[in-house]
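>>> my questions are about this predicted structure, shown below with the sequence.
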Number of protein chains: 2
Amino acid sequence: MTSPGLRERKRQRTRDALTDAAYALFERKGFDATTVDEIAGAVEVSPRTFFRYFTSKEDVALAPADEQLTRMVQTLADWKPDDPVITALKGSVVDVVTACESDGAEVDRARYRRLQALLLESPALMAACRQQGNARLEEVARLVGLRMGVEPAADPRPYLVASIALCAVQTAADAWQQHRPGATGSELLAEMFDLLAADLNYPAHGRRRS
Amino acid sequence: MTSPGLRERKRQRTRDALTDAAYALFERKGFDATTVDEIAGAVEVSPRTFFRYFTSKEDVALAPADEQLTRMVQTLADWKPDDPVITALKGSVVDVVTACESDGAEVDRARYRRLQALLLESPALMAACRQQGNARLEEVARLVGLRMGVEPAADPRPYLVASIALCAVQTAADAWQQHRPGATGSELLAEMFDLLAADLNYPAHGRRRS
DNA sequence: CAGATACTGTCACATTGTGACAGTTGCGTG
DNA sequence: CACGCAACTGTCACAATGTGACAGTATCTG
């Protein structure tokens, strides 16, 4: 495995510098009040160049979450094929977050936490975040469809299940930030997935069937 | 009830004219390719005035959906208090859509259908749509929490249930547009809510089939 | 070294969205 | 009816995001 080449290393350095500068400014001024010009200026780079690394201001903020999401989808794709859908979904999500919380760098964990706060602060960023999740929906639905043995193109159920899984992740993130900032993300995620089946039937005990 | 006054009528006419012009242009050129300037120009109004009626280009496109959503939340709030959560959610959503499909004007139904197509065409509009749903999440979660007898501020489960309900609506809309454009919206919605409990446990009872 | 390739800065531009200000028009009061 | 208030509108100016085109510079490949 040869060295990545000077050009690529430089490019990665610029990208990291932009991310760091962006998060530093977000921390200090908030997401909305920070402009792309400022981020680019902090790295001594033209604003035009910023848009060659990130497609938008939201993109740089959501980049860490996007990597996590990529890992989750990949883990789901590789998951033990005999497990039921809900087990595979819960397992891949929990595993990725657990790995991050135990192996990940401290700066990364701080960044995820910071991102949660930014999401509460900026509706625009929240919208971009939901859109980002939605962009993976197709792929998750495909994997879910495979596992359920149905065709996502003809049956909306895989989409429904995939959407609900994303809901659980989103709700866990909200709970982490708003209700129980002390808990670990993996705990909350596991809780959410465990709640899914139970709550939908609420109050199922002693009700009429059909 | 007295006459609304000339001023208010005029304002409503302008608003309707903007909506009509917007949808006509969207139909002809698509959402992204239509500019606010064109919409305003078609009504002989300054672009500045457009933004006094709608906060954004997305807003004018989503206005019909927003009204539906308002009706659904209202119906949920007034729903028979003894029904279980899932029944109340399904019932209020289905009722509103059913009422629209039987009593609503033809132009309205065409507009909902057109809006679905626009959502598929424009990621920006889709993002705005999800944000719009998310804006009601707080309120829906509050109503769900009341019905479940728990406090949404301390327990994330009402949020989870509310999110999932919105997922079901969204998925029904997708299915309507993509898989079964012939079906009625109320049919599909009822189907989605009926699927919720069953699919989440899939295949909890017995075996996965391969 | 030499050409192909990638990266960057500069310039110009379209679009969305907002604030300030002034002119006009409908509405209620005397 | 005349008056003033409040709402509505247009114009101007402006900030910010995002894109296309072009030229110059650095890197990589042969």
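Cool, got the structure.

>>> contacting residues for A:P47?
A:36-37, A:40 (C-beta atoms under 8 Å, 6 or more residues apart in numbering or on different chains). Every residue, glycine included, has its C-beta placed from N, CA and C.

>>> sorry, slip of the keys, the one I care about is A:A128.
A:56, A:58-59, A:61-62, B:127.

>>> just the pLDDT at it, thanks.
Note on A:A128: pLDDT of 90.

>>> helix or strand: which one has it?
Here A:A128, judged by DSSP states H and E, is contained in helix A:123-148.

>>> ok, and does the helix or strand following that helix reach over to chain B?
Once the chain leaves helix A:123-148, the next helix or strand it forms, by DSSP H and E, is helix A:157-178. Yes. Helix A:157-178 comes into contact with chain B (C-beta under 8 Å from any C-beta of the partner chain), by way of A:157, A:159-161, A:163-164, A:167-168, A:170-172, A:174-175.

>>> so how do I select the buried members of those in PyMOL?
Applying 16 or more other C-beta atoms under 10 Å in any protein chain shown to the residues of helix A:157-178 next to chain B leaves a buried subset, and the PyMOL line that selects it is:
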select buried, chain A and resi 157+159+160+161+163+164+167+168+170+171+172+174+175
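
>>> thinking again about what came up before, just the closest of the contacts of A:A128 to DNA strand C, please.
Set against DNA strand C, the nearest of these by C-beta to the nearest atom of the strand is B:A127 (11.2 Å).

>>> nearest residue to the spatially most central residue of chain A other than its sequence neighbours?
Nearest to the geometric centre of chain A sits A:A65, at 3.9 Å (C-alpha atoms, centre = their mean). Spatial nearest neighbour of A:A65, chain neighbours left out: A:L115 (6.2 Å); criterion: C-beta to C-beta, 6 or more residues apart in numbering or on different chains.

>>> only C-alpha atoms, please: export the worst-scoring helix or strand of chain A on mean pLDDT in PDB.
Least confident element among the helices and strands of chain A, by mean pLDDT, DSSP states H and E: helix A:185-200 (a mean of 82). Extracted in PDB, the C-alpha atoms of helix A:185-200 (Å, rounded to 0.1, in the frame of the first residue of the first chain):
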ATOM      1  CA  GLY A 185     -26.000   6.800  22.300                       C
ATOM      2  CA  SER A 186     -25.900   3.100  22.000                       C
ATOM      3  CA  GLU A 187     -28.000   2.700  25.200                       C
ATOM      4  CA  LEU A 188     -30.600   5.100  23.800                       C
ATOM      5  CA  LEU A 189     -30.700   3.500  20.400                       C
ATOM      6  CA  ALA A 190     -31.200   0.000  21.800                       C
ATOM      7  CA  GLU A 191     -34.000   1.400  23.900                       C
ATOM      8  CA  MET A 192     -35.700   3.000  20.900                       C
ATOM      9  CA  PHE A 193     -35.600  -0.200  18.800                       C
ATOM     10  CA  ASP A 194     -36.900  -2.200  21.700                       C
ATOM     11  CA  LEU A 195     -39.800   0.200  22.200                       C
ATOM     12  CA  LEU A 196     -40.900   0.100  18.500                       C
ATOM     13  CA  ALA A 197     -43.000  -3.100  18.600                       C
ATOM     14  CA  ALA A 198     -44.400  -2.500  22.100                       C
ATOM     15  CA  ASP A 199     -45.600   1.100  21.600                       C
ATOM     16  CA  LEU A 200     -47.300   0.600  18.300                       C
END
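
>>> about what we covered before: how about the helix holding A:A128, does it reach DNA strand C?
No. Using C-beta under 7 Å from any atom of the strand, helix A:123-148 never reaches DNA strand C; the gap is at least 9.5 Å.

>>> list the buried ones in that helix?
For helix A:123-148, by 16+ other C-beta under 10 Å, it's A:125-134, A:136-137, A:140-145, A:147-148.

>>> any idea of the angle it forms with helix A:157-178?
140 degrees (axes from the mean of the first three to the mean of the last three C-alpha atoms, to 10 degrees).

>>> just read off the phi/psi values of A:S56.
Dihedral angles phi and psi of A:S56 (degrees, to the nearest 10) take the values phi -160, psi 170.

>>> who touches the least confident helix or strand of chain A?
Contacts for helix A:185-200 (C-beta under 8 Å, 6+ apart): A:86, A:89-90, A:93-94, A:97-98, A:100-101, A:112, A:164-165, A:168-169, A:171-173, A:175-176, A:180, B:86, B:156-157, B:160-161, B:164, B:196-197, B:200-201, B:204.

>>> what's the angle from that helix to helix A:157-178?
Going by the same axes, to 10 degrees, helix A:185-200 makes 120 degrees with helix A:157-178.
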